[in-house]
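Asker: The sequence isn't on hand, but the structure is:
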């Protein structure tokens, strides 16, 4: 079982560039999430999805977009990268029941210079 | 709105000593509470969770936490620290009927030989 797979692991962007962070899970989970982690700030929810075709904003959605065309994939798009988006990004998934745990990917470290 | 406060961004303990990580939450409804651990260069993993029932919850790797409603706390403890416990620990809360987690800022644990 691969679990939650994120690519790439590292990326450096120039200001104004665009990129897509990929996330795939093979556990048939309905719920998927994108978090960003900044030092001392914990994890902040960017977007989440409760199933294919359904997405919703989290705490910090500005500057990001998502889509969920399949159960397995939940890509995160940065359209015009800004230095404030320098962070570590984690994708996670869960079964969606009230007592479930989140399964996390290993993260993408993004620097915007 | 719900929130989580972790007291102390860094904790240093000697090997074999007690590990105590503090977490206080605020929630307008009965919460579900979680502790996650993040080892270097990895995603988060669930240590333990409280949903309903017994207020003392045991998790993996010898950790346990006690839900104290009167103190709005969910502190994490381990009687005897091991070198492998060096990691960052996150407390998280969710509404009983919700599908999103709110994370604390994290506490990094250093274990000294």
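Answerer: Sure thing, it's come through. This is a predicted model, so every value here is computed, not measured.
Asker: Tell me how far residue A:94 lies from residue A:3.
Answerer: 12 Å (C-beta to C-beta, to the nearest Å). (Each C-beta comes from the backbone N, C-alpha and C, glycine too.)
Asker: More neighbours: these two, which one.
Answerer: residue A:94 (19 against 14; other C-beta atoms under 10 Å in any protein chain shown).
Asker: Can you give me the neighbour number for the closest residue to chain B within chain A?
Answerer: Nearest to chain B, among the residues of chain A, is residue A:104, at 3.0 Å (C-beta to the nearest C-beta). Using other C-beta under 10 Å, residue A:104 has 23 other residues around it.
Asker: what sits opposite residue B:37 in the beta ladder?
Answerer: Residue B:37 has these beta-bridge partners by DSSP bridges: residue B:45, residue B:89.
Asker: Need the single longest strand in chain A, by residues.
Answerer: Ranked by number of residues, the top strand in chain A under DSSP state E is strand A:42-51.
Asker: same for that strand, what does it pack against?
Answerer: strand A:31-38, strand A:54-57, strand A:64-66, strand B:102-103 (3 or more C-beta pairs under 8 Å, 6 or more residues apart in numbering or on different chains; DSSP states H and E).
Asker: go with 7 Å
Answerer: Here strand A:42-51 touches strand A:31-38, strand A:54-57, strand A:64-66, going by 3 or more C-beta pairs under 7 Å, 6 or more residues apart in numbering or on different chains; DSSP states H and E.
Asker: For it, give me every contacting residue.
Answerer: Identification of contacts with strand A:42-51 by C-beta atoms under 7 Å, 6 or more residues apart in numbering or on different chains yields A:30-37, A:55-61, A:64, A:66, A:68, A:74, A:76, A:90, A:96, B:90, B:99-100, B:103-106.
Asker: how does it look with 8 Å?
Answerer: A:30-38, A:55-61, A:64-66, A:68, A:71, A:74, A:76, A:89-90, A:96, B:4, B:6, B:44, B:90, B:99-101, B:103-106 (C-beta atoms under 8 Å, 6 or more residues apart in numbering or on different chains).
Asker: Run through the bridge partners of the spatially closest residue to residue A:74 that is not a sequence neighbour.
Answerer: Using C-beta to C-beta, 6 or more residues apart in numbering or on different chains and skipping the chain neighbours, the partner closest in space to residue A:74 is residue A:32 (4.1 Å). Bridge pairing for residue A:32 (DSSP bridges) gives the partners residue A:49, residue A:93.
Asker: Identify the residue nearest the residue positioned nearest the centre of chain A in space, chain neighbours excluded?
Answerer: Most central in chain A under C-alpha atoms, centre = their mean is residue A:34, positioned 2.9 Å from the mean C-alpha point. Nearest residue to residue A:34, sequence neighbours excluded (C-beta to C-beta, 6+ apart): residue A:46, at 4.4 Å.
Asker: For that neighbour, the count of nearby residues, please.
Answerer: If you count neighbours by other C-beta under 10 Å, residue A:46 ends up with 24.
Asker: shaky segments in the chain?
Answerer: As the question left the chain open, I've gone with chain A. Low-confidence segments of chain A (pLDDT under 70): A:1, A:97-99.
Asker: meant chain B actually
Answerer: The model of chain B has pLDDT under 70 over residues B:1-2, B:96-98.
Asker: which parts of it sit against chain A?
Answerer: Residues of chain B found near chain A (C-beta under 8 Å from any C-beta of the partner chain) are B:4, B:6, B:9, B:32, B:34, B:36, B:41-46, B:49, B:51, B:90, B:96-97, B:99-101, B:103-106.
Asker: Sweet, I'm off.
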